[in-house]
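Novice: A structural model of the following input is requested.
(chains A and B)
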There are 2 protein chains.
Amino acid sequence: MTISPLQKARYEYEPKLPGMLRSGIDTIAVKEGAPTQSVADQEAIKALFPNTYGKNEITFVQGESSAKPEKQTVGVILSGGQAPGGHNVISGLYDALKAANPENVLIGFKNGPSGLIEDDFVVFDDDYINAYRNTGGFDIIGSGRTKLETEEQFKVAAEVAKKHGINAIVIIGGDDSNTNAAVLAEYFAANNAGVQVIGAPKTIDGDLKNDDIEISFGFDTATKTYSELVGNIERDANSAKKYWHFIKVMGRSASHVALETALETQPNVCLISEEVAEKKMSLKDLTNYIADSVEKRANNGDNFGVVIIPEGVVEFIPEFSALIAEINELLAGAKADAFNELPTWKEKVEFIKNGLSKEAWEVFEILPENIQQQLFLERDPHGNVQVSLIESEKLFSALVANELKKRAEAGTYKGKFNPLHHFFGYEGRCAFPSNFDADYCYSLGYNAVLLILNGYTGYLSKISNLSKPASEWVAGGMPITKMMNIERRHGEDKPVIKKALVELEGKPFKFFEANRDKWAEETCFLYPGAIQYYGPEEVCDLTTKTLKLEQE
Amino acid sequence: MTISPLQKARYEYEPKLPGMLRSGIDTIAVKEGAPTQSVADQEAIKALFPNTYGKNEITFVQGESSAKPEKQTVGVILSGGQAPGGHNVISGLYDALKAANPENVLIGFKNGPSGLIEDDFVVFDDDYINAYRNTGGFDIIGSGRTKLETEEQFKVAAEVAKKHGINAIVIIGGDDSNTNAAVLAEYFAANNAGVQVIGAPKTIDGDLKNDDIEISFGFDTATKTYSELVGNIERDANSAKKYWHFIKVMGRSASHVALETALETQPNVCLISEEVAEKKMSLKDLTNYIADSVEKRANNGDNFGVVIIPEGVVEFIPEFSALIAEINELLAGAKADAFNELPTWKEKVEFIKNGLSKEAWEVFEILPENIQQQLFLERDPHGNVQVSLIESEKLFSALVANELKKRAEAGTYKGKFNPLHHFFGYEGRCAFPSNFDADYCYSLGYNAVLLILNGYTGYLSKISNLSKPASEWVAGGMPITKMMNIERRHGEDKPVIKKALVELEGKPFKFFEANRDKWAEETCFLYPGAIQYYGPEEVCDLTTKTLKLEQE
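Specialist: The predicted structure is shown next:
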């Protein structure tokens, strides 16, 4: 046996399309909506995208098809980190192309955008596609992080496209990749290359989200996987009644994953990076916040609990960011050698004390020694602190342990505190896509072909009304430029898709905020269990609580 | 909402009983088999269990019921670490008791065996039981690790039983707990207490296994959960193509969990502690074994892979065990103070070098510094090294990195090596039980009531023929003394149930051994996906590959 029973069974799953895409490609017409403009910096964006800016929003409706009758040759690229459902975008593309015309061709470029530049490709056929239907991973053609952003790359891309007779490229990626898709579309349009570009919104982080993208694909499956694990650990905590579990979950720039996982599992504490930044919370504030939950629960006789920590949280703590900046400064250039030559950690600490501002030293001083050492000993090739390597789950449990020790000495805390640590990230990026992600992604791919057949470029494949059953989903397209603004990146003004952070005024956070005091003290754990692909609809077809709350 | 959709749906699941238990308790007769004797040390065990030794093996068959007509009051205890399905043993007990006579009573003692001694209990009713059917965890009454082994405890247990009118106690636990169940049964029999004792075989570690126990409950669900995660990570590795994942899985004394997970996922490398001990493998041997896989794959252009490491492996490496013993000796008593007073790690290392034998020092020297420090700085209250805290996944990745560096310098290795680390244990102990564990556990509980009604004591509830569909399962009982031998524990000869280690001549290991060279070099990953409770039978009802291979 070379595949698992579930994989075999999932091959047979038929993803659900939006109702109006079900009756065949030749019955689908375009309904043009209003012209669009970018969410900010309209003049600047328009100047950068003279050929693709301001186009109309469109939806598909039943009617006489306006699709191009010509044979289509389409290229597809997976870009960036894995997200469950990528294979289904490709199978949706393939099936729609073949439904439109069996002569149509789908070419996959390997290992990300670099495959297009290096002309490293496969031509899909039925057998190839069938081996990846409804499966996780990006192994169908591999992914990569090369950025398509220079004129030189665009020229090569045009040549490769011309060589294959490619008339459209679909880029499956996150905010940066879709930004690049828009730039590439503009280049092709400006140079009459005859190649359309369509994007598909991918990221488990959930931060590619706006008025037009209700949810990025993969977020549903990844958070369901993390919620399964957090729920299992909660049940273990509530059975053993002797451990506090500190669980870090993926999500460096936004805390959507942490928030959704918290909504699904109702842990005692969940930190939200955006709130930390907004309220300028200090390490001490966060430590006290967690320690308060531990103390209250100990007073109830419950010396156990669960804390969720978003991967990037330390970068959002203003005083911690300031410390990192000072350390990077302190170890720049020749000073690093002087530091490195000091024989003992004690002498190094003296050097650090003399080199940091009083404020930064005070923050450094409260860190546990292993974290202190990590900041100074594990630096990237440029000498900078590797913030992503900081084990923040261990940092917080150590700070909480210190705080509880003080409270115990003061007599206000009488409990026991045994912390355990977990980090969940890689576990969820390649799970078999949930029914929701399988359906959504297949629809995104299928829909992308309709955009291509109708001549659009610089558009994002858009499926909406997603908290409803698939039969009620709405298919269409949106110019990518609509989602852009100008941001400063590496010292340059760049047109980029705005990253969606957790909104503190949004309904998901508000729901969390309204309940968290109760969760912090009582045991309100929810146990979602493993993702189910079969069985009752309410078990296997529901998408995230975040989306449900947002659309309520 | 206070419960998840899956939990709600699982309440409705009806566990499958062995076919012959399905037609009602009053249609079930006992078929006595041959008298039994212990697996070893027969005379000694017989002397220790004069009242319960040598009893007959029994099976249940269709026929005239020989069950006691009296009202039954049964107590139940969960003992030791959580395992999925514990709640179903209790619901099986409850349903069988109520089916036999609605007046029968089931009492749960809280937080493990201490609940019996402290008379901390609940009386179950329908509503109570219904809230826990087919769910994970031991939170229905909690568990605990108190051992019932002293005469004093037995006396109190008899008094508590008498107070409640309890005529039987069911102990759900691992090898130690079932050993204690046998001792308690003997005590009650010797003292005419009128209380029977029945055991149920629990442990996710899979090491409570013998001719009579085909599988301990919880092993199926826990390994399916770990296999889900390992498979997801494998798919991530095969998509990103840039990481080596070192994954530690639970299982301190035996490697059944690691082996089953490897059979389900086909990683590049899986260490088996029993093989390490048998072949007296050194750290260097194991490092080279893993590095060889990394090198071969790098030569094929694959700079990624997955390594599974059983939690307890370092304790099975003879030279490492010897090092630990020397360290414990070195830091015993007053010498610890001298060591602790040394101000720098460098001076401490000098002390260590002088204190260890040449052989032990050579092992110490090849360890990465953080592991060296862990061995000396984090000791238990008795001053001993805390072997269970050693992050062996990081130990091996560091050793492999060093080895690869040497090979790179020698020009034989040209790849890239980026390791990532994971530990899976708590994630699987409280998952919703798989259909197999839900059925098996419910049957164990139901069957225990039949043993009670027929007057047996010192028996283990036994369900066999488990690789077949439940309709073909065989229900019966086995004297616990049959599984015992005498072992030296804490300087005393004790009657204990023999722990089942992975047999190097057994079919599961043989299958692994026959395939692992291929797996080490090629990418043969299997992706089992999340446990499914609904859907095609081959997806949701299959038990472990270990059992399948054993029963082939």
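
Novice: Tell me where the model's unsure across the stretch 1-150 of chain A.
Specialist: A:1 (pLDDT under 70).

Novice: the strands in it, which residues?
Specialist: Applying DSSP state E, counting those that start in this stretch to the stretch 1-150 of chain A gives strands spanning A:28-35, A:56-62, A:73-78, A:105-109, A:121-123.

Novice: I'd like to know which of these is closest to chain B.
Specialist: strand A:73-78 (8.5 Å; CB to the nearest CB). For glycine as for every other residue, the C-beta is placed from the backbone atoms N, C-alpha and C.

Novice: send the alpha carbons of that closest one over as CSV?
Specialist: What follows is strand A:73-78, C-alpha atoms only, in CSV (Å, rounded to 0.1, in the frame of the first residue of the first chain):
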residue,chain,number,x,y,z
THR,A,73,-2.9,27.2,-22.2
VAL,A,74,-2.7,28.2,-18.5
GLY,A,75,0.3,28.1,-16.2
VAL,A,76,-0.1,27.8,-12.4
ILE,A,77,2.4,28.6,-9.5
LEU,A,78,2.2,27.8,-5.8
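
Novice: residues in contact with it?
Specialist: With CB atoms under 8 Å, 6 or more residues apart in numbering or on different chains as the test, strand A:73-78 has contacts from A:86, A:89-90, A:93, A:97, A:104-109, A:112-113, A:115-116, A:121, A:138, A:140-144, A:161, A:164-173, A:449, A:452.

Novice: Go through that strand and flag the buried ones.
Specialist: A:73-78 (16 or more other CB atoms under 10 Å in any protein chain shown).

Novice: ok, now stretch A:145-162?
Specialist: A:145-148, A:153-154, A:157-158, A:160-161.

Novice: which of the residues you listed lies closest to chain B?
Specialist: Of the buried residues of stretch A:145-162, the one sitting nearest to chain B (CB to the nearest CB) turns out to be residue A:145, at 9.6 Å.

Novice: Show me what residue A:58 is bridged to.
Specialist: Beta-bridge partners for residue A:58, by DSSP bridges, are residue A:32, residue A:477.

Novice: That one reaches residue A:35, doesn't it?
Specialist: No - Residue A:58 lies out of contact with residue A:35 (CB atoms under 8 Å); the separation is 11.0 Å.

Novice: With neighbour numbers in mind, choose between those two.
Specialist: residue A:58 (21 against 12; other CB atoms under 10 Å in any protein chain shown).

Novice: wait, what's in contact with the closest residue to residue A:234 other than its chain neighbours?
Specialist: Nearest non-adjacent residue to residue A:234, counting by CB to CB, 6 or more residues apart in numbering or on different chains: residue A:525, 3.9 Å away. By CB under 8 Å, 6+ apart, the residues touching residue A:525 are A:231, A:234-235, A:237-238, A:265-267, A:306.

Novice: part of a strand, is residue A:525?
Specialist: No - under DSSP: H, G, I helix; E, B strand; the rest coil, residue A:525 falls outside any strand and is assigned coil.

Novice: before we move on, the earlier item: relative to residue A:552, which of the buried residues of stretch A:145-162 is nearest.
Specialist: residue A:145 (36.5 Å; CB to CB).

Novice: Isn't that closest one up against residue A:80?
Specialist: Yes - assessed by CB under 8 Å, residue A:145 is found in contact with residue A:80 at 6.0 Å.

Novice: Name the residues contacting each of these two.
Specialist: residue A:112.

Novice: Let's see the pLDDT reported for the residue nearest to residue A:234.
Specialist: Looking at residue A:525, its pLDDT stands at 98.

Novice: Quick one: name the residues of the stretch 51-200 of chain A near chain B.
Specialist: Counting by CB under 8 Å from any CB of the partner chain, the stretch 51-200 of chain A comes close to chain B at A:81-82, A:111, A:135-139, A:142-143.

Novice: sorry, back to before: got a quick ChimeraX command for the buried subset of the contacts of strand A:73-78?
Specialist: Buried residues within those, by 16+ other CB under 10 Å, are selected in ChimeraX with:
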select /A:86,89,90,93,97,104,105,106,107,108,109,112,113,115,116,121,138,140,141,142,143,144,161,164,166,167,168,169,170,171,172,173,449,452
